[in-house]
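Trainee: quick one, what's the 3D model for this:
(2 chains)
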Amino acid sequence: MKPPVFAYHDPRSVEEAVGLLGRLENTRLLAGGQSLMPMLNMRFVFPDHVIDLNRIETLAGIVQDAETIRIGAMTRQRDIADSALVRDRLPLLTEALAHVGHRQTRNRGTIGGSLCHLDPAAELVAAAANLDATIEIAGPDGVRTLSMAAFPRGFMTPAIEPDEMVTAVRMPLPQRGHGFSFMEFARRHGDFAIVSVAVLLVLAPDRRIARASITLGGVGAVPLRMVEAEALLVGHEPGAALFERAAETCRAIDALEDAQVPGWYRRQLAGVLMARALATARARAEGVST
Amino acid sequence: MSKAVADAPPRLAPGKGRVLGQPVARLEDGPLVRGRGLFAADVNFPRQLAMRVVRSQIAHGRLVSLDTAEARALPGVVAVWTAAEVSDIPPIPFRATKVRGLEPYCQPILARERVRYVGEPIAVVFAEDAYIAEDAADLVVAEIDELPVVLDAAAEPAEFLPGNSTEPTIVRKEYGDVDAAFRAAHAVIELDLSVGRHSGVPMETRGAIARYVAAHDVLELHGTAKKQHWNRDEIARLLGRPPTGVHLFEGHVGGGFGVRGELYPEDLLVCLAAMRLDRPVKWIEDRREHLVATNHSRQQRHLIRGAVDADGRLLAIDDVFFHDQGAYVRTHGARVADLAAGMLPGPYRLPAYRVAGHFRLTNKTPAATYRAPGRFETTFVRERLMDAIAVRLDLDPIELRRRNLVTEAEMPHVRPVDTLGVDVVLDSGDYIGLMDQALAQFGWDAVQRDLTARRAAGDCVGAGLAFFVEKSGLGPSDGVRISIDATGGVELVSGAASVGQGMETALAQICAEALGVDYRRIRVVRGRTDRIEFGNGAHASRVTVMSGSATYHAALAVRGMALDTAAQLLQARPEDLAIEDGQVVRAAAPGVPLIALAEVARQMGPNSPLMRGRTPGLTAERWFYSEHMTYPYGVHLALVRIDRATGEVRVEKYLVANDVGRAVNPMMVEGQMVGGFAQGLGGALFEEFRYDERGQPLSTTFADYLIPTLSEMPAVDVLIAEDAPSPLNPLGVKGAGEGGTNAVGAAIAAAVDDALRRPGAIVSLPILPRTVRRHTEEPT
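Mentor: You can find the predicted model right below:
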C-alpha cells in the first residue's frame, strides 16, 4: 500500500497544467484523490508523473448565468452539496451528492475528479448525464466543450486527450418547479451504487409530462439514458401504470454482471428504482411533499 | 470444579460494590482519545528496516522457481529471502490438542515446494524503507505451475501431500443411543445449512517490530497481542533461543476478535531477520494483505437431523458438518471444529447426540477463531433446527424452546461431551427466566400485534429469536501479582493481555474493591513477558474470569499483609482494622485514617527493621485454577423489515439479553454486547470472503468485503442479567465478550423467515438481498 515512484508537479494555473500534460508522458491528474490515491497505493496505476490540481484556485467555484450553472472541476463535492444555489436550481444534483461516499470523502472529492474517473456506478456521472451537462475541456488549443452524452468513450474512459483536462461542468437550468429524484440501491450507505437512477420530470400546465429525463447508473459501462422510457412518458399524464410501463423498459437492459451481482438482479433493481423515482419526481412536480 | 487452594478467598457476596459492578470510566481511554496510543505502526527504532512479503497470486501450484536477482539489485534492498534461506525454521505449530495427525498440515513461514492459497508468503524483502521494500517485492518473479484447486469442503477429500488427504481428522463426539432415538421419534427434521466465510477484521491490521538488543542478548518483539507468553516460548524454540532471551511487548491493540496475536509467518520472519541482519525490522500489514493473510473463519456446512417426540421434545441430534479450514492448520489446530461439535447442543436438554465434523483443507486463506468461534455457526444451525421443529409440529417457537431448555433445577447440567479438552458442564443458569425477561423487555406480544397490523398494511416485517450458550473462562490457570509502592501506588502485573476490551479497568475495579483503594491509582501491566513469567493472555472470554479471580485473590492477600503490618505498628488487632481509600482505619471508625498504605509499604521495605529475616515488600502473587469453563447464556430478539422489491433486509429493533453472572463494569459489558452485535450483523447480512472458481479471492478491499457501518446499525437494546452467578469462581463472573455476536445470524434468519412468511427459507449466511428477493413475490 505504498505508491510506486512518480514525479510530483503542482502547477498554479490551467495553462501551466496543460503545458505539463503536453510535455510529459504517462501523467495522472490529482484532484480530490479519493480514487487516485487508493489506486496508487494499491499499485493499480503506475504514472510517471502526478500533476496536482489543488493549487489552481480558478478551478473551483459555482456560478450561475442566465441559463446554466457552471461548476469548476475542482469544486469539492461538499461545497456543491451545501450550495443553496444548487439546491434551488439543480436539486437533483444535491440529492445525488448525499449518496456520494461519506461526508469526509466529500470534503476532498471533486466533481471534476468524479466525472473523469467515470466509474459506471458513480452518482455524479449519472446525475450529470441526466441533467444534460456540458463538459469544458482545456487543451493546448484552448477550451472546447463536449456534451455529457459524448463524454464517456467507454468503461471508465472519458473522451479527453492526454494533453487535455476538464476545467468545469455546465448544467442547463431545468424549469422551476420540475420534479426530480435520485435513488440508488447499495449494500451500505456511501457505497458505489449497484444501481442508481436519476429522474427529472417537467409537467406542462395541462399536467401532461412535457419533459422526462431518466438515467440509470451502475447497470452498464457508462450511464444509460433511458430514451425509450422517456419517449413513453412525454405527452402523457403521469400515473402509476404509466410509470410501470416505463420501468418495464429496464427488462431489455444489457446489465453488468459481476461476482457480487448477477445481471437479472440489476435489471430488477433498475425497474424497481425507476418506478419509485418517477413516483417521487411526480409528487414533487405536483408540489406534494415527499 | 475449582481446585481448593489453601488460602482461597471467600466468595464475594452478590450485588454491586463500591466500585465493582459500577459503570466507572475506563482507565485505558486517556491516551486513546488524545491520540497518544501506541499501536504497532507507532513503534519505531533507529536503523530499522522495512519488511515486505511477496505473496502467491496462485491458489494452488508447484513453486518452480523464484527469481529474486532484480529485487536484490534494487538500491536500498538489504536482503531477499525465499524458503531456501529459512529452511532451518520449522513450520508454525499449534497449541496443545488431543487431535492427532495435524503436524503435516502446518504452515511453513515461506512456501516450500507448493503454494496453497492466494496470499501465502513465498518470499520476503528487507529494505531501507517501506516504499523500496514494496518496489523490490514487485520485482520478485515467481514461476508457479498451477494445480487444481479444492474450494468446497463438502466435496470428496483430495490429496494434500502424498499420504495425507485434505481431511486430517474428523471431530467425533457422541453420547446416548442416537439410532434408537431416531427410530422411536415422532418426527425427524433434516436441514442443510451453511455459514459463509468471514472473520474478525480489526481496524488495526497486524504489525510486528523486532529488534535484537545485543547489550542484553535479548530479542524483543513489539506490536504483539493476545497470547504473548505462548508466542514467546514458541518463537524462542523455533529460533533456538532460551525463552528468557526473548521478550514480547504489547502496546495498544486496535481490535483482537480472535485473529490478532496468533503466531503468523510474519512474526517469525521479523524476529529471524532482526537477529540475522542485526537491525530492527518492522512489518505493518496493509489492508489488502490483511484480507487474504490474516485468519479467516466461520465457513461450515451442516447436515443436521433432529429427532423429536410428539410434544416437540428433543430426543436426539445427529449432525455431520464440513469445516472449511483453508490451506493450512494454524495455531488453533482443529479448535473451531471442536468447539462447533462440543457447543452445538447449546441450552437444550438433549438425551442423545452424535456429531461428525469433517475438518478439511481447501485452497483458501487458513481459518481459525473469530469471536464466538464454533458458536455463531452452531447457534445458527441449532436454532434453525428448533424453528423447523416448531413449524413441523405446529408449535409456537417460544413454547418449543420452553419445553426443551435446561431448567434451573437441572443445574449444574452435565453434558457427556467435551470441548477444548474439558468436559461440558453447564455451571448455572435460569434459561427460561432470562427468556421471559427478554420477551418482556422486547415487548414481544406488542411487537406481534404491531406486526399483524403492519402486514395488513402491506409491510414485509417479521420477528424472531435465538437462544445461545456461550463459554468462557478457559483454564487452566492465571496469575496476578499486586504490589503497593511507598507512595501508595498500586501495580497489578498480569499475564493477561489487552485487546482493547477494557481489561485494565475491570481488573483495577476488582483489585480496588478487595483492597480498598481508588481504582484510578492502580496501574495494570499486561501483555509483557519481561514482567511476569507466565500468562495465558486474552482470548476465549477468559480474562475477567481467570485473571479477575486471581486479582481478587491477590488483592485480598495484599490487604491481609497490609493489615498485619499496620496492626503491628498500631498495636491493634488486624481483624479490627480495614482499608478505605488507601488508608488503614479502624473498622468501627471508618472515617478516621490511622496510617496510609504508603506508610505501611514503606515500613515493609527491604531496609525496614520490621522486615528483618522476612521477604520484604507489600506484594502478593496469587493464582487461580479452573478445570471447567463457565457458561454464559442469553437470547437475541430481532425485528426486521424487508423491501420486497429489492430484497433488502433492515434490522429495525434488536435486543441482546445475556446473563454474565456478575457485570464487573456494566458500561463495558454493554459495549461488548453492542460491538459484538455489529460483528454478528456483518456475518448475518454483509460480510463474506468470496472466491472465484480458480481460488482467486474476490473480497480484497473494503469495497468488496462489506463491514456494516453506523448507517447499517440499528439501535441495540441490551439486557444484562446477573441471575446465575458462576459457582466456579469467587466473583461469580462469566465472560461477556462473545454473547453479543453469538446468536445474531440465527435471530435475524428467524426474523427474515417470519417476514417472508416462509418458514425455513433462510438456509445460509450471509443473507443476501438477491436471495431474499427470490423469496418475495412481488413481480417487477
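Trainee: show me what contacts residue B:671?
Mentor: Residues in contact with residue B:671 (Cβ atoms under 8 Å, 6 or more residues apart in numbering or on different chains) are residue B:502. Where you see a C-beta, it was placed from the backbone N, CA and C, and this is true even at glycine.
Trainee: is it in a helix, a strand, or coil?
Mentor: Taken by DSSP: H, G, I helix; E, B strand; the rest coil, the conformation at residue B:671 corresponds to helix.
Trainee: dump stretch B:132-143 to PDB, restricted to CA.
Mentor: Extracted C-alpha coordinates of stretch B:132-143, given in PDB (Å, rounded to 0.1, in the frame of the first residue of the first chain):
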ATOM      1  CA  ILE B 132      11.700   0.500  -1.600                       C
ATOM      2  CA  ALA B 133      10.600  -2.800   0.000                       C
ATOM      3  CA  GLU B 134       7.300  -2.800  -1.900                       C
ATOM      4  CA  ASP B 135       9.100  -1.800  -5.100                       C
ATOM      5  CA  ALA B 136      11.500  -4.700  -4.700                       C
ATOM      6  CA  ALA B 137       8.700  -7.100  -3.800                       C
ATOM      7  CA  ASP B 138       7.200  -6.300  -7.200                       C
ATOM      8  CA  LEU B 139      10.400  -7.300  -8.900                       C
ATOM      9  CA  VAL B 140      10.400 -10.800  -7.500                       C
ATOM     10  CA  VAL B 141       9.300 -13.200 -10.300                       C
ATOM     11  CA  ALA B 142       7.600 -16.400  -9.300                       C
ATOM     12  CA  GLU B 143       7.100 -19.300 -11.700                       C
END
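Trainee: mind checking the pLDDT average for that stretch?
Mentor: Average pLDDT, stretch B:132-143: 98.
Trainee: that one: which residues count as buried?
Mentor: Buried residues in stretch B:132-143, defined by neighbour count with 16 or more other Cβ atoms under 10 Å in any protein chain shown: B:132-140, B:142.
Trainee: contacts for that stretch next, please.
Mentor: Contacts for stretch B:132-143 (Cβ under 8 Å, 6+ apart): A:1-2, A:4-5, A:43, B:49-54, B:56-57, B:63-68, B:70-72, B:74-77, B:80, B:122-123, B:125-127.
Trainee: give me the nearest residue to residue B:714, chain neighbours excluded.
Mentor: residue B:651 (4.4 Å; Cβ to Cβ, 6 or more residues apart in numbering or on different chains).
Trainee: what's around whatever residue of the stretch 51-200 of chain A ends up closest to chain B, how many residues?
Mentor: Closest contact between the stretch 51-200 of chain A and chain B, by Cβ to the nearest Cβ, is at residue A:189 (3.6 Å). Residue A:189 has 14 neighbours, counted by other Cβ atoms under 10 Å in any protein chain shown.
Trainee: top helix in chain B by residue count?
Mentor: helix B:548-570 (DSSP state H).
Trainee: mind listing what the residue of the stretch 51-200 of chain A closest to chain B touches?
Mentor: Residue A:189 touches A:99, B:709, B:711-712, counting by Cβ under 8 Å, 6+ apart.
Trainee: list buried residues within those residues.
Mentor: Buried among the contacts of residue A:189 (16+ other Cβ under 10 Å): A:99, B:712.
Trainee: save the contacts of residue A:189 as CSV, and put in pLDDT and distance to residue B:740 too.
Mentor: CSV is the format used below for the contacts of residue A:189 (pLDDT from 0 to 100; distance: Cβ to Cβ, whole Å):
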residue, pLDDT, distance to residue B:740
A:99, 96, 30
B:709, 95, 17
B:711, 93, 19
B:712, 95, 16
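Trainee: domain ranges for the chain?
Mentor: In the absence of a named chain, chain A is used. A:1-52+A:61-173, A:179-285 (automatic domain parsing).
Trainee: actually it's chain B I care about, not the one you picked
Mentor: With automatic domain parsing as the reference, chain B has domains B:29-37+B:475-625, B:40-148+B:221-252+B:260-279, B:300-473+B:628-775.
Trainee: which intervals of the chain have sub-threshold pLDDT?
Mentor: Picking chain A for this. A:289-290 (pLDDT under 70).
Trainee: let me rephrase: I mean chain B.
Mentor: In chain B (pLDDT under 70), the answer is B:1-7, B:778-780.
Trainee: spell out which parts of it neighbour chain A.
Mentor: B:130-131, B:134-135, B:138, B:286-288, B:645-646, B:648, B:686, B:690, B:692, B:698, B:701, B:703-704, B:706, B:708-709, B:711-712, B:769-770, B:773, B:780 (Cβ under 8 Å from any Cβ of the partner chain).
Trainee: residue A:240: how many residues sit nearby?
Mentor: Neighbours of residue A:240 using other Cβ under 10 Å come to 11.
Trainee: who's in contact with it?
Mentor: A:275, A:279.
Trainee: that one and residue A:246, how far apart?
Mentor: 11 Å (Cβ to Cβ, to the nearest Å).
Trainee: mind listing the shared neighbours of the two?
Mentor: Jointly contacting residue A:240 and residue A:246 under the rule Cβ under 8 Å, 6+ apart are residue A:275.
Trainee: how about the strands in the stretch 101-250 of chain B?
Mentor: Secondary structure of the stretch 101-250 of chain B (DSSP state E, counting those that start in this stretch): strands at B:114-115, B:121-127, B:141-146, B:159-161, B:164-165, B:169-175, B:187-195, B:207-213, B:218-222, B:246-248.
Trainee: gap between residue A:189 and residue B:655?
Mentor: Taken as Cβ to Cβ, the span from residue A:189 to residue B:655 is 24 Å.
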